[in-house]
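>>> Got a predicted structure plus its sequence, pasted below:
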Amino acid sequence: MFQTDLEMDQEGMTVPYPPLFDDIRKNHGFVDVRGRPDLASGIAEGAGSSAMKALLIALAQPGSKLFTIGCDIGAKRLEGDIPYTAGGYIQIMNSEYARRDPDDYARFARAVAEALKAEAEAEGHEWEVQFVMKPVQLKLDNFTDMTGSLWIWFHAFGETEQKAVESREILIREMGQAFSDDRHASLFEKSDV
């Protein structure tokens, strides 16, 4: 089973953002890791997942077409037929953020969803992925303006917590492969023509 959704969030956010710790969130704040895989390997939110850590390092490589502005992972017990979920989110932006619009992110999200669906159906994974196009007030480099991002929420389900976590690791690895696929990355360039 694979479920997906694509939506536009009306509420934006500001990047960079400070740490936020409360009863729900344990967010260490934005760290600009573009071109700094050494910094990406130390992101606390990626410490509990080798797949998330690898994805963060890959997105931080010099020349990467995408970069991350946030992530998190977790696992919990559910009520119902499938008792466990392991999931999280990763929020990404195209490296040419000043030239990107929601249509660019929507094309990319649809391509990534198709790649994940093919894997889920071929291997029997129970995955749910939600793509949210989120406005960002970005203050990086010499840029201070609104632009967009893609916030990807994901859940992998399993009969045990271990199976849910193992499935989540595969899901994150598959996302990483979809992100780095040149056919998908080229979809950002369609509006440049």
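Yep, it's here.

>>> show me the biggest strand of the chain in terms of residues.
The longest strand of the chain (DSSP state E) is strand 143-158.

>>> Dump it to CSV, restricted to CA.
Extracted in CSV, the C-alpha atoms of strand 143-158 (Å, rounded to 0.1, in the frame of the first residue of the first chain):
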residue,chain,number,x,y,z
PHE,A,143,18.7,37.0,-0.7
THR,A,144,15.8,38.2,1.6
ASP,A,145,12.5,37.4,0.0
MET,A,146,9.7,34.8,-0.2
THR,A,147,10.4,31.6,-2.0
GLY,A,148,9.2,28.0,-1.8
SER,A,149,10.2,24.7,-0.3
LEU,A,150,8.9,21.1,-0.2
TRP,A,151,8.1,19.7,3.2
ILE,A,152,7.9,15.9,2.9
TRP,A,153,6.1,14.0,5.8
PHE,A,154,6.5,10.3,5.7
HIS,A,155,5.3,7.2,7.6
ALA,A,156,6.2,3.6,7.3
PHE,A,157,4.0,1.1,9.1
GLY,A,158,4.8,-2.3,10.6
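
>>> Given that strand, what are its sheet partners and their directions?
Here strand 143-158 is paired, per DSSP bridges, with strand 84-94 (antiparallel), strand 127-140 (antiparallel).

>>> Show the subsequent helix or strand relative to the first one.
Which is strand 84-94. Counting by DSSP states H and E, the next helix or strand C-terminal to strand 84-94 is helix 102-123.

>>> buried residues in that following helix?
Buried positions in helix 102-123, judged by neighbour count with 16 or more other CB atoms under 10 Å: 104-109, 111-113, 115-117, 119-120. No exception for glycine: its C-beta is placed from N, CA and C like everyone else's.

>>> now stretch 128-148
Across stretch 128-148, burial judged by 16+ other CB under 10 Å covers 128-136, 138, 140, 147-148.

>>> Could you find the closest non-adjacent residue to Ser95?
In this structure, Ser95 finds its nearest non-sequential neighbour in Lys65, 5.4 Å apart by CB to CB, 6 or more residues apart in numbering.

>>> so the most centrally placed residue in the chain bridges to which residues?
Centroid check for the chain by CA atoms, centre = their mean gives Ile90 as the closest residue, at 2.6 Å. Beta-bridge pairing for Ile90 (DSSP bridges): Cys71, Ile152.

>>> per-residue confidence at it?
At Ile90, the model reports a pLDDT of 96.

>>> same deal with Glu128?
pLDDT, Glu128: 96.

>>> Now do the contacts for it.
Neighbouring residues of Glu128 by CB atoms under 8 Å, 6 or more residues apart in numbering: 2-4, 87, 154-155, 157.

>>> Mind giving me the PyMOL command for buried ones among those residues?
Here is the PyMOL command that picks out the buried ones among those, judged by 16+ other CB under 10 Å:
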select buried, resi 2+4+87+154+155+157
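
>>> Understood, closing this out.
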